[in-house]
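J.: A structural model of the following input is requested.
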Amino acid sequence: MAVTPNRLRAAVLAAHCSLLVLGPGAPASAQEAGPTMVDTRLGVRTVATGLVTPTSIAFIGGNDILAIEKNTGRVQRIVNGAQQGTVLDLAVNFGSERGLLGIALHPSFPANPGVYLFWTESTTGADTNVLSETPLLGNRVDRYVWNGSTLTFDRNLVRIRAIQQDPGQPERGNHDGGPIAFDGHAKLYVMVGDVGRRGQLQNLVCGPTPTCPGPIVPDDQFGGPAPDDAHRTGVVLRLNDDGTAPADNPFYAAGAAMGGEVGAGFQKIFSYGHRNSFGIAIDPLSGALWNQENGDDSFSELNRIDPGTNGGWVQIMGPVARIAQFKEIETTFGGRNLQQLRWPPENIADSPAEALSRLFMLPGAHYSDPEFSWKWEVAPAGIGFVHGRGLGPQFEGDLFVGAATPLLEGGYLFRFDLTGNRRMVAVHDPRLEDGVADNLGKHEITESESLLVGRHFGVATDVETGPNGNLFVVSLTNGAIYEIFRR
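T.: Numbering: from 1, shown residues only. Sure thing, here's the model as predicted:
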């Protein structure tokens, strides 16, 4: 039976909203059978079950894990696969893609006992999925202190836009982003989705208007399009461990020269022009930041994000040379509105040169195409690199990518090899030499067959290398943590 665009959209929304229900088209036995590996050199086993919408994990010991739950706001401790109890319980707004979304340990942990969390706060004092029950800046990153048994609040690092209640628009709670990660220099990277904004950080210099230059159009009832605190979205932030802006950030000098709230915000930005992402990771061999980026109906992406990257959204998705395909798909398939009525896809440029000319370029910014993309959206989610040779030398440094919907292979797991200089994806299928998988429709993996390494992982929201060198995958829909090992 054909799966209609509306059913596809509903299934993905169900997955993103953590309903713990496999969408239409997923194998009926996916949850019962559990994940399987396509690569026979690897095996998979279950580490923990019974979690409620888990999104991410952090290892505080060899077999000692902190697991965060999106919908409950709880941080659970798991020792040797057994739940030891809740070490923190936050009152979260978990409507749509909100909730407790990201966790990262300070690089000097446990000598520095900092545990960092990205979460959406509730205004009711209890967990809620009512979209209006969060502050305007309801997404936040906080530092907590681990004392060996519980987490205690230490400080707030940053507050981020959460509310999507724009006049004439459906109320939403998606595109929050949420994954966070430290690099080896104790700099914290925070992925923030566009939260439905349509301003300068979405490459709309004059705001949500089809023509520019021209009159400046406010992004919403709270202002914009300039990126003040309420409009600093669609970005990767790079922060010191206390929340201040590192002086070597790419727009630090430009922000200092500008001054004010907008200038201070620029100083914290590492990259911008992003739609949304459920996964970021630091390459253990090069130190570079990578993310996956979700399209609407077209062009899922894998990106290496250098300092000052402008990812191109909303003007560009996928390689700029394929701007005509981006426009064709988004104007003829699905909702045909890029999830916002204020800047419809009919406004997409008609040529690569025109698209590039429209970008909002801060001093020192640069645009670059994705390192890999899919023509039609395949909804990637958590990503992670293999650290070391625990899976065997042939897997060292490889990038694993999970799915944000179980519609594909019951929840696919893809594996990417990188080139020797760690700057690009190394492809071994001649069809992928152009860096694009020309799949045949939304949620379809033609030309990705050689990348498939696992199936039936459900919605895989995090991929981490454990202290033993094995790879651990968090499944939101299965409420489980899986361990991939070398046979």
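J.: Now do the strands in the stretch 101-250 of the chain.
T.: Taking DSSP state E, counting those that start in this stretch as the test, the strands found in the stretch 101-250 of the chain are 114-120, 139-146, 151-160, 180-182, 188-192, 235-239.
J.: and Met424, which of those is closest to it?
T.: In terms of Cβ to Cβ, the element of these nearest to Met424 is strand 235-239, at 19.6 Å. Heads up, the C-betas are built off the backbone N, CA and C, glycines and all.
J.: Hey, what's the angle from the closest one to strand 188-192? Just curious.
T.: For strand 235-239 against strand 188-192, the angle between stretch directions is 160 degrees (axes from the mean of the first three to the mean of the last three Cα atoms, to 10 degrees).
J.: What pairs with strand 235-239, parallel or antiparallel?
T.: Based on DSSP bridges, the strands next to strand 235-239 in the sheet, each with its direction, are strand 188-192 (antiparallel), strand 269-272 (antiparallel).
J.: buried stuff in the shortest one?
T.: Of all the residues in strand 269-272, those buried under the rule 16 or more other Cβ atoms under 10 Å are Ile269, Phe270, Ser271, Tyr272.
J.: now the helix or strand that it is followed by: mean pLDDT?
T.: In the C-terminal direction, the helix or strand that comes right after strand 269-272 (DSSP states H and E) is strand 280-282. If you average the pLDDT over strand 280-282, you get 98.
J.: try stretch 68-87
T.: Over the span of stretch 68-87, the pLDDT mean works out to 98.
J.: Centre of the chain to it, how far?
T.: Put simply, stretch 68-87 sits 22 Å off its chain's centre (Cα atoms, centre = their mean, to the nearest Å).
J.: Need the residues that contact that stretch.
T.: Taking contacts as Cβ atoms under 8 Å, 6 or more residues apart in numbering, the residues outside stretch 68-87 that touch it are 18, 47-48, 50-57, 61, 63-67, 88-92, 94, 99-103, 117, 119, 127, 129, 149-151, 461, 476, 481.
J.: can you give me the end-to-end distance of stretch 448-458?
T.: With Cα to Cα, to the nearest Å as the measure, stretch 448-458 spans 18 Å from end to end.
J.: May I ask which helix or strand of the chain has the lowest mean pLDDT?
T.: Sorted by mean pLDDT, DSSP states H and E, the helices and strands of the chain end with helix 5-16, the least confident at a mean of 38.
J.: Could I get the full set of helices for the stretch 201-350 of the chain?
T.: 252-258, 260-267, 323-332 (DSSP state H, counting those that start in this stretch).
J.: could those go into JSON lines alongside distance to Thr123 and mean pLDDT?
T.: As requested, those are arranged in JSON lines below (distance: least, Cβ to Cβ, whole Å; pLDDT from 0 to 100):
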{"stretch": "helix 252-258", "distance to Thr123": "31", "mean pLDDT": "97"}
{"stretch": "helix 260-267", "distance to Thr123": "23", "mean pLDDT": "98"}
{"stretch": "helix 323-332", "distance to Thr123": "35", "mean pLDDT": "98"}
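J.: close enough to count as contact, Ser108 and His185?
T.: No. With contacts counted by Cβ atoms under 8 Å, Ser108 stays clear of His185, the gap being 11.4 Å.
J.: Please identify the helix or strand for Asn421.
T.: Applying DSSP H and E as the criterion places Asn421 outside every helix and strand.
J.: Just give me the neighbour total for it.
T.: 7 (other Cβ atoms under 10 Å).
J.: Likewise for Pro213?
T.: Residue crowding around Pro213 was assessed by other Cβ under 10 Å; the count is 7.
J.: what about it, distance to Gln340?
T.: Using Cβ to Cβ, to the nearest Å, Pro213 is found at 22 Å from Gln340.
J.: mind putting the helices of the stretch 201-350 of the chain in TSV, distance to Ser357 and mean neighbour count included?
T.: Conversion of the helices of the stretch 201-350 of the chain to TSV gives the following (distance: least, Cβ to Cβ, whole Å; neighbours: other Cβ atoms under 10 Å):
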stretch	distance to Ser357	mean neighbour count
helix 252-258	21	16
helix 260-267	22	18
helix 323-332	12	19
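J.: Save those helices as a markdown table, and put in distance to Trp374 too.
T.: As requested, the helices of the stretch 201-350 of the chain are exported to a markdown table (distance: least, Cβ to Cβ, whole Å):
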| stretch | distance to Trp374 |
| --- | --- |
| helix 252-258 | 34 |
| helix 260-267 | 32 |
| helix 323-332 | 11 |
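J.: For Asn174, which of those is the nearest?
T.: Between Asn174 and the helices of the stretch 201-350 of the chain, the tightest spacing by Cβ to Cβ is seen for helix 323-332, at 16.9 Å.
J.: ok, back up a step: can you redo the strands paired with strand 235-239 as JSON lines with distance to Val425 and mean pLDDT?
T.: What follows is the strands paired with strand 235-239, written out as JSON lines (distance: least, Cβ to Cβ, whole Å; pLDDT from 0 to 100):
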{"stretch": "strand 188-192", "distance to Val425": "20", "mean pLDDT": "99"}
{"stretch": "strand 269-272", "distance to Val425": "19", "mean pLDDT": "98"}
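J.: closest to Ala379 out of those strands?
T.: The stretch from these with the least distance to Ala379 (Cβ to Cβ) is strand 188-192; that distance is 16.1 Å.
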